[in-house]
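Colleague: model the structure of this input:
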Amino acid sequence: MSENTLRRRGVTLVEMLIVVGILGIILAAAAPSIADIMARRRVEMVAAELATNLAYARSEAGVRPTDVLIYFGRSAAGTCYTVAQWGNRGDCDCTRGAGSACSGTGVNLTEIKTVLVPGSTGVSVASSVSPFTFTAPQMSVPAPSPVMSVRGRRVGQLQLDLNIVGRVAMCSPDGSVTGVARCAGT
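Modeller: Numbers count the residues shown, from 1 in each chain. Purely as a prediction, here's the structure:
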C-alpha cells in the first residue's frame, strides 16, 4: 500500500470536530424533552403510589373496627401524607416524619403509613380536604369527596378523585400526561 492510501483511510481533526458539533446540537435539542419525560414520570409514580395507599386505607377501614384517616401536609422538605387509624381524639402531622406523625400528648391515633414526597423531586401532593375519613366498615368517604392533586414543578399534573364509596379515579386536568384521560370539564 502506498502512503496516500493510508492517509485516505483516517479521519481528520476537522471532520471529527464537525461530527462532535452536530452531536452536541442534537443532544442540546433533545435534553429538554428528556427532562420533561422524566418529570412526567415522577408525577405518574407519585400518583400511582398515592392511589395504591388510598386503596389500602379504604381496605383497612373495611377490616379494622375503626375509621381510617388521611392527613396531608407541607413543609420546607416537601409535601406528605399520613394514613392513620382513628382513636378517640388526636391529630397527625406528616411533616414530623414516618413513625412520629401521630405522636404527642393526648393523641389516640395509630399511624399506619406516612409518605414524604421530597421537594427535590419537583413533585408535590395536596388534597382539597384534610383530613378525610374512610368510614368503617362501609369503606366510604363522607361528602365532600376529596380531590387530590399531584403536580410536577416542570410539567405533569394528575388529579385523583374519590367517589362516595371510596374508589379512586385518575385524570389529567391539563392533558399533560399521556395514557391518562383528560379530566371532565377542563
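Colleague: following element in sequence after the host helix or strand of residue 28, please.
Modeller: Applying DSSP states H and E as the criterion places residue 28 in helix 13-63. As assigned by DSSP H and E, the chain's next helix or strand after helix 13-63 is strand 68-75.
Colleague: now do the helix or strand that that following strand is followed by: distance to the chain's middle.
Modeller: Using DSSP H and E, the helix or strand that follows strand 68-75 in sequence is strand 78-85. Put simply, strand 78-85 sits 13 Å off its chain's centre (CA atoms, centre = their mean, to the nearest Å).
Colleague: same check on stretch 69-76?
Modeller: Computed by CA atoms, centre = their mean, the chain-centroid distance of stretch 69-76 equals 14 Å.
Colleague: what does that stretch contact?
Modeller: If you take CB atoms under 8 Å, 6 or more residues apart in numbering as the criterion, stretch 69-76 is touched by 54, 57, 79-86, 91-95, 101, 109, 119, 124-127, 130-134, 146, 148. Bear in mind the C-beta positions are built from the backbone N, C-alpha and C, glycine included.
Colleague: can you rerun that using 7 Å?
Modeller: Here stretch 69-76 makes contact (CB atoms under 7 Å, 6 or more residues apart in numbering) with 57, 80-84, 86, 92-95, 125-127, 130-133.
Colleague: what of stretch 34-49?
Modeller: Stretch 34-49 is contacted by residues 115, 117, 121-123, 125, 150, 152, 154-158, 160, 170, 176-177 when judged by CB under 7 Å, 6+ apart.
Colleague: and the buried ones among the contacts of stretch 69-76, selectable in PyMOL?
Modeller: Applying 16 or more other CB atoms under 10 Å to the contacts of stretch 69-76, the buried members can be selected in PyMOL as follows:
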select buried, resi 57+80+81+82+83+84+86+92+93+94+95+125+127+130+131+132+133
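Colleague: touching, residue 51 and residue 169? I think so.
Modeller: No - judged on CB atoms under 7 Å, residue 51 makes no contact with residue 169 at a distance of 9.2 Å.
Colleague: between the two, which is the more surrounded one?
Modeller: residue 51 (17 against 12; other CB atoms under 10 Å).
Colleague: ok, the more buried one - contacts?
Modeller: Contact partners of residue 51, counting by CB under 7 Å, 6+ apart, are 160, 168, 170.
Colleague: from those residues, which one has the minimum pLDDT?
Modeller: Lowest-confidence member of these: residue 168, scoring 91 (pLDDT).
Colleague: so that one touches residue 158, yeah?
Modeller: No - in this structure, residue 168 is not within contact of residue 158 by CB under 7 Å, at 11.1 Å.
Colleague: out of the two, which sits in the busier spot?
Modeller: Neighbour count, other CB under 10 Å: between residue 168 and residue 158, residue 158 has more, with 28 against 17.
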